[in-house]
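K.L.:
Here is my input; please provide its structure:
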Amino acid sequence: MTGRMRLAARSTIGVLVCTLAGGTLSQESRVQLADGPGKDKASQCVACHSLDYIQMNAHFLDKAGWTASINKMINAFGAPIPREDVDAIATYLAERYGKSGSK
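P.N.:
Now for the predicted structure:
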């Protein structure tokens, strides 16, 4: 086998591995928000990012932390969340995804 043939074989294998990995990753389950008052307002978060961020931060944030995070999303990143929804979203996230002991 020539050097070019080996390179072509390696490239083909690399493409196959990436394709298969991508197919596996795309079949992962999607995060679903827990039911409760404020869920509809909290669903606005997906306009900018996946819901994985909620679960990733759940262990660290209480209601004050969620409120600060939501306000940062609005002020720093321009999240299209009405100011009147901030408290409802923060309450929902704190009750369903707040850090242990802060509920």
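K.L.:
Give me the buried stretch members for stretch 63-81, please.
P.N.:
Lys63, Gly65, Trp66, Thr67, Ser69, Ile70, Met73, Ile74, Ala79, Ile81 (16 or more other C-beta atoms under 10 Å). (C-beta placed from N, C-alpha, C; glycine too.)
K.L.:
Kindly report the same for stretch 41-53.
P.N.:
Applying 16+ other C-beta under 10 Å to stretch 41-53 flags Lys41, Ala42, Gln44, Cys45, Leu51 as buried.
K.L.:
what secondary structure does the closest residue to Met73 other than its chain neighbours sit in?
P.N.:
Of all residues not flanking Met73 in the chain, Ala79 sits nearest, at 3.9 Å (C-beta to C-beta, 6 or more residues apart in numbering). With DSSP: H, G, I helix; E, B strand; the rest coil as the basis, Ala79 sits in coil.
K.L.:
I'd say His59 and Lys99 touch.
P.N.:
Yes: counting by C-beta atoms under 8 Å, Lys99 is a contact partner of His59 at 5.6 Å.
K.L.:
out of those two, which sits in the more crowded spot?
P.N.:
Between His59 and Lys99, counting by other C-beta atoms under 10 Å, Lys99 is the more crowded of the two (16 against 10).
K.L.:
so what's the more buried one scoring on pLDDT?
P.N.:
For Lys99, the pLDDT comes out at 79.
K.L.:
what's the answer for Ala94, then?
P.N.:
95.
K.L.:
and it, what element?
P.N.:
Element membership of Ala94, judged by DSSP states H and E, is helix 86-97.
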